[in-house]
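Peer 1: mind folding the following:
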Amino acid sequence: MWRRTIAVGPFVPTALGALALTAVLTSCNTSRRAAPLPAAASNPGASPSPPVARTYGQPLVPAQVTPLPALLDGAADWKGRTVTLEGVVRKACTRKGCWMEVADGTKEGTPGCRITFKDYGFFVPTDSAGARARAQGTVEVDTLSATAVRHYEEEGAVFAGKRADGTAPEVRIVATGVQLTR
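Peer 2: Numbers count the residues shown, from 1 in each chain. So this is what the prediction gives:
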């Protein structure tokens, strides 16, 4: 075995210095150990932990939920109104979490609604797909340009009504707050 001595400035490592360095490295390595599993994971007979809800943006106020099919079928009647919407996050922006698509189910053909966030003021986790969502915000009805459609498709969005010229009609919620539950 060979030994290498490294001089650092006017100091040369000594046996005492090596002992101190070993103690520091050992304590660093032990702090990286995985945290213990929750009781339910370590004890198969234990009851599962309750779902965890997390709010992004402003807290949601109590309000009646607008059924997603009613919103999508009568979009013109809802334009400019504030609604509360519930559903499953089918997709979310994979780059920043700056939008998500909510539907009544995860099946690809199920009608959905894209949700963006007011003033780009907050984001959701990029792995939000599969979470249960409750969102409050204003309904917007618009036609997206071909460039916008292409951009959103690159991030995972799907537009059922995409036209031959690349544009697509869209009903979207500009949310002030979102609650995700897993």
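
Peer 1: which residues does the residue positioned nearest the centre of the chain contact?
Peer 2: Nearest residue to the geometric centre of the chain (C-alpha atoms, centre = their mean): Pro125, 2.1 Å. Taking C-beta atoms under 8 Å, 6 or more residues apart in numbering, we find Pro125 in contact with 92, 97, 180. In this view, the C-beta of every residue, glycine as well, is placed from N, C-alpha and C.

Peer 1: in which helix or strand would I find Val88?
Peer 2: Here Val88, judged by DSSP states H and E, is contained in strand 82-92.

Peer 1: now that strand: buried residues?
Peer 2: 83-85, 87-92 (16 or more other C-beta atoms under 10 Å).

Peer 1: and that strand, what other elements does it pack with?
Peer 2: helix 68-73, strand 99-103, strand 112-117, strand 132-144, strand 168-181 (3 or more C-beta pairs under 8 Å, 6 or more residues apart in numbering; DSSP states H and E).

Peer 1: gap between that strand and the chain center?
Peer 2: 12 Å (C-alpha atoms, centre = their mean, to the nearest Å).

Peer 1: what's it in contact with?
Peer 2: Under C-beta under 8 Å, 6+ apart, the answer for strand 82-92 is 60, 63-66, 68, 71, 99-106, 110, 112-113, 115, 124-139, 156-158, 173, 180.

Peer 1: for Gln64, see how far away Trp99 is.
Peer 2: Per C-beta to C-beta, to the nearest Å, Trp99 is found 24 Å from Gln64.

Peer 1: compare these two (neighbour count), which wins?
Peer 2: Using other C-beta atoms under 10 Å as the criterion, Trp99 and Gln64 rank with Trp99 on top: 21 against 7.
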